[in-house]
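K.L.:
after the sequence you'll find the predicted model.
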Amino acid sequence: MLFNSFHFIFFFPIFIVLYFNLNHKHRWKILLAGGYYFYFWHSPKFFYFLFISTVVDYFSAIYMDRQTEQNKRKLWLAFSLICNLGILFVFKYAGFVNENIKDVFEFFNLHYPVPDTVFKKLIMPVGISFYTFQSISYTLDVYKGITKPEKHFGYFSSFVAFWPTLINGPIERANNILPQIKAAVDYDYNRVKLGFIRILWGMFKKVVIADRLAFYADNMYFHYNEVSGWTIIFGGLAFFFQVYCDFSGYSDIAIGCAKVLGINVMENFRTPYLSKSLPDFWTRWHISLSTWLTDYVFYFLGAYKSSTGKVIFNLIFVLTLCGLWHGANYPMIISFLGIGVLMAIRFLWQKKVIRAIQPSNTYKLYKKYFPEWMHIVVTLSLVVFCFILFRTHVMTSIYNNRIIGLPLDVTIPADVTALIKQDIPSLLDTNPIHWYDMALALYTKIFFITKADYFKEWLFAFGRLNAFLAISYLLFLIGVEYKIGKQKIEDAIGSLSKPIRWATYLFILLSIVWFGELGSSTFVYFQF
Amino acid sequence: MKKLFSNIIILGLLAAAISVFVSWFFPIYWGDNIQLTKINHYKQKPNQYNALFFGGSLEYRHVSPEIIKSELAKKQIYLNGFNFGVDSHNFIQAITEADYVYDHYKNDSLKYIFVSLSTEAYLSYQNLHTNKLICWMKASTIDKLLSVLYYQTDHLAFRLFCARGYLMSWGENAFNFGKLKDKIKYLKIKNDIDTISLGKNLDGFVPLELNEKGQVANPETEISKYVLMVSTIEYKKRADSANWFNDTIFKTYFDANLHAKDKDVDYLYSLCDNMIKKYAAKGIKVIFYLPARVPFGYTQQMTVYKRLPEENKFDLANPKKYPEFYETKYGFDNFHLNKAGAELYSYQFAKELEKLIAPSP
């Protein structure tokens, strides 16, 4: 089920009424039923993978806890990891690995027996990366002794299938959610109100800003041959803010829904566009994933407490893993690998240069001529630079299936496309491009900025009004988030005087209703 | 929990009230560029036309006021018409539009209103959420559409599906769901006249035709160009499909009485009857006609048609009388005639009309 669907509008109020009218001892039942219903509605074919993951981790943790020998504990942990990561691998990575092996075989003119079609038929279950990581974190925590295994299968199942975070995160931890599911939470008007404010804000970010910015970002990719450097820079920025508003919007809705139910979920974003460095960005963007990778991989590898070479390896490895989590394709992996390399360079710069000059006047000059705002600009530029690559995989595929002469933003019904392929194949592009063709063209133009000839067309491709709305709402969002600082948006709005608060509700609601791109899309992170 | 839900309802009502107030300032055709053009052209000099044609693509693409005018002129009948047909408009939209045009643009010369008895009230799924459909969904249109659906005898689930689609479209229009941006855009183009939608003679008739490059002449949008291209290529390629389509509609034409029950058509008939009476009082004759190639067949239209007074109707759909309208030679696709077919159709239209309005010898 999508948060931005009509179905959810009916599901949520019914769920709230049932949830709060049930004795807290039995609430796990409604949470579990809600979770499976929520998932089943979106992916009826795949809900049994969710169940398998739940059963495997429930029993692994219990049997692991009963073992006194470390080796046996490790065996149960390995069992859990193999089952969870095995399912994830088959659905998400097997096709990619198979394709690469096939390429190697072909390079050496050898016959490769496994055809692509075997894996292309597999459709990845929605949210599998999210709930698998959430489930794995539980067994890892039990293994480390951070969390006690949950004996009650119902509570544990409702944690794994906790619907607000089930298909798109934040990736939660058992020691945060399980005690809250068990706790006797009463209906509290103020808390529920704040939850709804957060939901409204998330919806605003998604349908008013993210989906509108998508027009501009997509348009930049579709015209990769015509765009000039400035268009790519602004297109890259549009894409960055699109992904930010899309994903943080989803997280806001998830956090708001959980808050209504009396469960506090971790924050997933903290104004990442104001990061002063790449490590700082890492702590503000998709926080639930970055802390997961930090806690279970980066620290496991030794984090910063290793030799310089090892730290560099750790940084690059963890970021590459992050890219791999996002998608089994080269553009995604390379864009995160790029961030990892940049973080490693920054680590070296801090260690070898900054520390060396710190007590001197040179450092004072460095601080004077490279103030905080410049750090923010440089960090954002580097992230946007890497993110441009992020989407070339998806965009190349859309580009190659286009119909010559028809604007790429026009949605053609699938049956019409099929008939065009069959009846008028001359309308289709006979020379498909690869992601690296698109990436190379875009990056080359950034470095050789010429006259911004396409910029105006790009900006007004969807009308002046759309451009005005996109820019105005984005500036409004940045202004609000900058103004409230570390305060949560629901607390900031909730603390306003009643008339201003109601005016704010109306402004956000009418912006969604009037200017939202309603029913237009799913969330970008659904593909992960 | 009562406080929470009451506050949400109050907020919703406030937002709805503001939205409805804003929608009030937009005319019924704000999202339909073809209709906008036709109305803008017509309102410049409404008095020059004494006949208006309303309907969907079966009128827009088939009925040439210019040919009808010249054919009737040979019999000393002056009929200068304007074609208000718009692709995918159904019968309810046609009569709503006729009322709108008459009420808003005074025309003392008006003598005839022609309304096609084409598709009843069923929803074209591909039009769902489009401005073209949404803009027509005012309370009065919804009332008529839902009443028609209520009296149909088709499967309840299908009727509920259509009703849901119309109600959603009405909500999208009334509360501006994601549409205010498009409504603001309308303000910018509200006086534009796009001559492509008016046709060569500026009479609102634009036939469907492929030019030598295989493209459709006068495509209103990029996408429709491709949809039509595929549609006609499929039609030419699959003669069996055309025959099957013809067999289906012929069956509904000849067996209409066997299938339609009176209660289904009572409401549709009452709409026609009210219209005839309303305009007769103003000295205007409303003429309903059965067009050729109706997509869903003639079951109900034929029954309504048979109940209408002889002086207010004529039939262009009869496959025995007009077999040429169903021939592949004159077809553009399953539902539409090509340019030659449309010219022949307009010629026959004039002949049928002549029988109805020619002064007695």
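P.N.:
All right, it came through fine.

K.L.:
was I right to think residue B:265 contacts residue B:304?
P.N.:
Yes - proximity of residue B:265 to residue B:304 meets the contact threshold set by C-beta atoms under 8 Å, at 4.9 Å. In short, each C-beta sits where N, CA and C put it, glycine included.

K.L.:
show the contacting residues for the residue nearest to residue A:287 when sequence neighbours are not counted.
P.N.:
In space, residue A:287 comes closest to residue A:268 once its chain neighbours are excluded; the distance is 5.3 Å by C-beta to C-beta, 6 or more residues apart in numbering or on different chains. Taking C-beta atoms under 8 Å, 6 or more residues apart in numbering or on different chains, we find residue A:268 in contact with A:169, A:170, A:247, A:248, A:251, A:255, A:286, A:287, A:288.

K.L.:
so which helix or strand takes in the last one?
P.N.:
Okay, so that is residue A:288. According to DSSP states H and E, residue A:288 maps onto helix A:287-293.

K.L.:
give me the mean pLDDT for the next helix or strand after that helix.
P.N.:
Next in sequence after helix A:287-293, counting helices and strands by DSSP H and E, comes helix A:299-301. Averaged over helix A:299-301, pLDDT sits at 90.

K.L.:
what helices or strands is helix A:299-301 leaning on?
P.N.:
helix A:308-326 (3 or more C-beta pairs under 8 Å, 6 or more residues apart in numbering or on different chains; DSSP states H and E).

K.L.:
so where do the helices sit in the stretch 1-150 of chain B?
P.N.:
Using DSSP state H, counting those that start in this stretch, the helices found in the stretch 1-150 of chain B span residues B:2-23, B:33-44, B:57-60, B:65-73, B:91-104, B:131-134, B:139-151.

K.L.:
deepest-packed of these, please.
P.N.:
When the helices of the stretch 1-150 of chain B are scored by mean count of other C-beta atoms under 10 Å in any protein chain shown, the highest mean neighbour count falls to helix B:57-60 (a mean of 25).

K.L.:
how about residues contacting that one?
P.N.:
By C-beta under 8 Å, 6+ apart, helix B:57-60 touches B:34, B:53, B:83-89, B:114, B:116, B:118, B:204-206, B:291-294, B:335-336.

K.L.:
give me the mean pLDDT for that helix.
P.N.:
The average pLDDT for helix B:57-60 rounds to 90.

K.L.:
also stretch A:368-376?
P.N.:
For stretch A:368-376, mean pLDDT is 88.

K.L.:
just the buried subset of the contacts of helix B:57-60, written out for PyMOL, thanks.
P.N.:
To isolate the buried ones among the contacts of helix B:57-60 in PyMOL, judged by 16 or more other C-beta atoms under 10 Å in any protein chain shown, type:
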select buried, chain B and resi 34+53+83+84+85+86+87+88+89+114+116+118+204+205+206+291+292+293+294+335+336
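
K.L.:
contacts with chain A among the contacts of helix B:57-60, please.
P.N.:
Contacts with chain A are made by none of the contacts of helix B:57-60, judged by C-beta under 8 Å from any C-beta of the partner chain.

K.L.:
does the closest residue to residue A:93 other than its chain neighbours count as helix, strand or coil?
P.N.:
What sits nearest to residue A:93 in space, not counting adjacent residues and going by C-beta to C-beta, 6+ apart, is residue A:328, at 4.7 Å. The three-state assignment at residue A:328 reads coil, by DSSP: H, G, I helix; E, B strand; the rest coil.

K.L.:
ok, residue A:328 - contacts?
P.N.:
Contacts for residue A:328 (C-beta under 8 Å, 6+ apart) come out as A:92, A:93, A:95, A:96, A:97.

K.L.:
and for residue A:351?
P.N.:
The contact partners of residue A:351, by C-beta under 8 Å, 6+ apart, come to residue A:308.

K.L.:
where does it land in three-state SS?
P.N.:
Classification of residue A:351 by three-state DSSP places it in helix.

K.L.:
per-residue pLDDT, it?
P.N.:
Note for residue A:351: predicted pLDDT of 85.

K.L.:
hang on, the earlier thing: just the buried residues out of the contacts of residue A:268, in ChimeraX syntax.
P.N.:
The ChimeraX selection below is limited to those of the contacts of residue A:268 classed as buried (16+ other C-beta under 10 Å):
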select /A:169,170,247,248,251,255,286,287,288
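
K.L.:
wait, which of the contacts of residue A:268 is closest to chain B?
P.N.:
Relative to chain B, the closest of those is residue A:255; by C-beta to the nearest C-beta it sits at 18.1 Å.

K.L.:
avg pLDDT for the helix or strand hosting the closest one?
P.N.:
Residue A:255 belongs to helix A:229-260 when assigned by DSSP H and E. Here helix A:229-260 scores 93 as its mean pLDDT.

K.L.:
buried sites along it?
P.N.:
By 16+ other C-beta under 10 Å, the buried positions in helix A:229-260 come out as A:229-260.

K.L.:
what does stretch A:330-342 give?
P.N.:
For stretch A:330-342, a neighbour-count test (16+ other C-beta under 10 Å) marks A:330-342 as buried.

K.L.:
farthest pair within those?
P.N.:
A:330 and A:342 (18.1 Å; C-beta to C-beta).

K.L.:
what residues does the stretch 51-200 of chain B have near chain A?
P.N.:
Within reach of chain A by C-beta under 8 Å from any C-beta, the stretch 51-200 of chain B has these residues: B:126, B:129, B:175, B:176, B:177, B:178, B:179, B:180, B:181, B:184, B:185.

K.L.:
return the helix or strand in the chain with minimum mean pLDDT.
P.N.:
Went with chain A since none was named. None of the helices or strands of chain A scores lower by mean pLDDT, DSSP states H and E than helix A:414-423, at a mean of 68.

K.L.:
you looked at the wrong chain, it should be chain B
P.N.:
Using mean pLDDT, DSSP H and E, the lowest element in chain B is helix B:256-259, with a mean of 61.

K.L.:
which residues are contacting the next helix or strand after it?
P.N.:
Once the chain leaves helix B:256-259, the next helix or strand it forms, by DSSP H and E, is helix B:262-280. For helix B:262-280, the surrounding residues in contact (C-beta under 8 Å, 6+ apart) are B:91-92, B:95, B:98, B:102, B:113, B:115, B:117, B:120, B:144, B:147-148, B:150-153, B:285-286, B:288, B:300, B:303-304, B:307-309, B:312.

K.L.:
and helix B:262-280, what's its mean pLDDT?
P.N.:
Per-residue pLDDT values over helix B:262-280 give a mean of 86.

K.L.:
tell me where the model's unsure across the chain.
P.N.:
Because you didn't say which chain, this covers chain A. Applying pLDDT under 70 to chain A flags residues A:403-417, A:419-420, A:422-424, A:426-430, A:451-452, A:519-528.

K.L.:
could you do chain B instead?
P.N.:
B:119-125, B:210-230, B:232, B:234-244, B:256-264, B:359-361.
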